[in-house]
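# I need the structure of the sequence given here:
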Amino acid sequence: QLLFANSNHFPKNANMRKLYLFIISSFVLGGVLSAQSLQSQQGNDGKYGFVDASGAFVIQPEYDDVHFEFYKGAACVKQKDRFLLINEAGKSISKMFDAVDYFDSHDLCQVSIGGKLGIVSTSGELILDTKYAHIGDFDANGLAVINLGGMMDAEGTLKGGKYGFIDTTGKVVAEPCYSF
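Below is the predicted model of the structure:
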C-alpha cells in the first residue's frame, strides 16, 4: 500500500505538500548520491584501493594505507611511508608529503616535508609552501599565525623564529617579522 493512499498522511495545504515532497526527495536523492561515493577497501594482497557502491574496485588496491577517505574529491593515501592526495579517478593530485593532517572547515590541510609545514587545498594545490615551523588554526577572520625559522625543543615547545599571519588563500598578510 502506498504511503499516501490514505489522504490523512498527506498535508492538505499546498505549501506544506511542496515542503513535504522536498524533504522526502532530499532524503531519497541524498541516499542515491551517498551510494555513489567511493570507500576504501583492502585487497587480497593487503594493499588498499577504493570501491564503488557495488563493491567493485574503481581505484585498484596499490596503496599501503588510507589516511582519510574522499572529501570534496580528494583522498589521502600512504605509499612507502609517505602521503599523497589522489582524486576519484585514482590520479595523484599532489606531491608526496612526510605527514598530512585533515582538511579543516576552510577545506585546507596542513602538510609536512622535512619537518617544515605548508598547506594544500582539496584540489591538491600547495597554496603555502612547506617552509614554516608552525601554522596555527584559522581564526574567525580567516587568519592563522605562522612561524618561520623556529625550532621545536624536546618538550614540543616552539622556540625562536619570527611570527606573521596568512589568510585562507595562503597569502602572507603579515610577513614573519615579529618575535615573542
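# Tell me how far the residue positioned nearest the centre of the chain lies from F165.
The centre of the chain sits closest to F103, judged by CA atoms, centre = their mean, with a distance of 3.5 Å. According to CB to CB, to the nearest Å, F103 stands 21 Å off from F165. Every residue, glycine included, has its C-beta placed from N, CA and C.
# Over to D129?
16 Å.
# Stretch 55-65: how far from the chain's middle?
Stretch 55-65 sits 19 Å away from the centroid of its parent chain (CA atoms, centre = their mean, to the nearest Å).
# Now it: buried residues?
59, 61, 63 (16 or more other CB atoms under 10 Å).
# quick one: which of these is nearest to Y178?
Among these, Y63 lies closest to Y178 (CB to CB), at 41.0 Å.
# distance of that closest one from D129?
In terms of CB to CB, Y63 sits 26 Å off from D129.
# In strands only, show me the buried residues of stretch 55-65.
Cross-referencing the buried residues of stretch 55-65 against strands under DSSP state E gives 59, 61, 63.
# For the last one, which non-adjacent residue is closest in space?
Sequence neighbours aside, V77 is the residue nearest to Y63 in space, at 4.0 Å (criterion: CB to CB, 6 or more residues apart in numbering).
# I'd guessed that neighbour sits against Y48; true?
Yes: in terms of CB atoms under 8 Å, V77 counts as a neighbour of Y48; the distance is 6.9 Å.
# So for D129 and F165, which sits in the more crowded spot?
Neighbour count, other CB atoms under 10 Å: between D129 and F165, F165 has more, with 19 against 12.
# Can you tell me the closest non-neighbouring residue to Y163?
Among residues not flanking Y163 along the chain, Y178 sits closest, at 4.5 Å (CB to CB, 6+ apart).
# Compute the number of surrounding residues for the one you found.
Y178 is flanked by 13 other residues according to other CB under 10 Å.
# hang on, the earlier thing: who touches both of V77 and Y48?
63-66 (CB atoms under 8 Å, 6 or more residues apart in numbering).
# In stretch 146-155, which residues are buried?
In stretch 146-155, counting by 16+ other CB under 10 Å, buried: 146-148, 150.
# do stretch 106-124 as well
Buried, per 16+ other CB under 10 Å, within stretch 106-124: 108-113, 117-122, 124.
# Pull the most distant pair out of those.
Spatial extent of the buried residues of stretch 106-124 (CB to CB) is set by the pair I113 and T122 at 19.0 Å.
# Can I get stretch 79-92 as PDB, trimmed to CA atoms?
Below are the C-alpha coordinates for stretch 79-92, written out as PDB (Å, rounded to 0.1, in the frame of the first residue of the first chain):
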ATOM      1  CA  GLN A  79      52.800   4.800  -0.100                       C
ATOM      2  CA  LYS A  80      56.200   3.700   1.300                       C
ATOM      3  CA  ASP A  81      55.900   5.800   4.500                       C
ATOM      4  CA  ARG A  82      54.800   9.000   2.600                       C
ATOM      5  CA  PHE A  83      51.500  10.500   1.800                       C
ATOM      6  CA  LEU A  84      49.800  12.000  -1.300                       C
ATOM      7  CA  LEU A  85      46.400  13.200  -2.300                       C
ATOM      8  CA  ILE A  86      44.500  11.400  -5.100                       C
ATOM      9  CA  ASN A  87      41.300  12.300  -7.000                       C
ATOM     10  CA  GLU A  88      38.300  10.000  -7.600                       C
ATOM     11  CA  ALA A  89      40.000   8.700 -10.800                       C
ATOM     12  CA  GLY A  90      42.900   7.500  -8.700                       C
ATOM     13  CA  LYS A  91      45.300  10.100 -10.200                       C
ATOM     14  CA  SER A  92      47.800  11.800  -7.900                       C
END
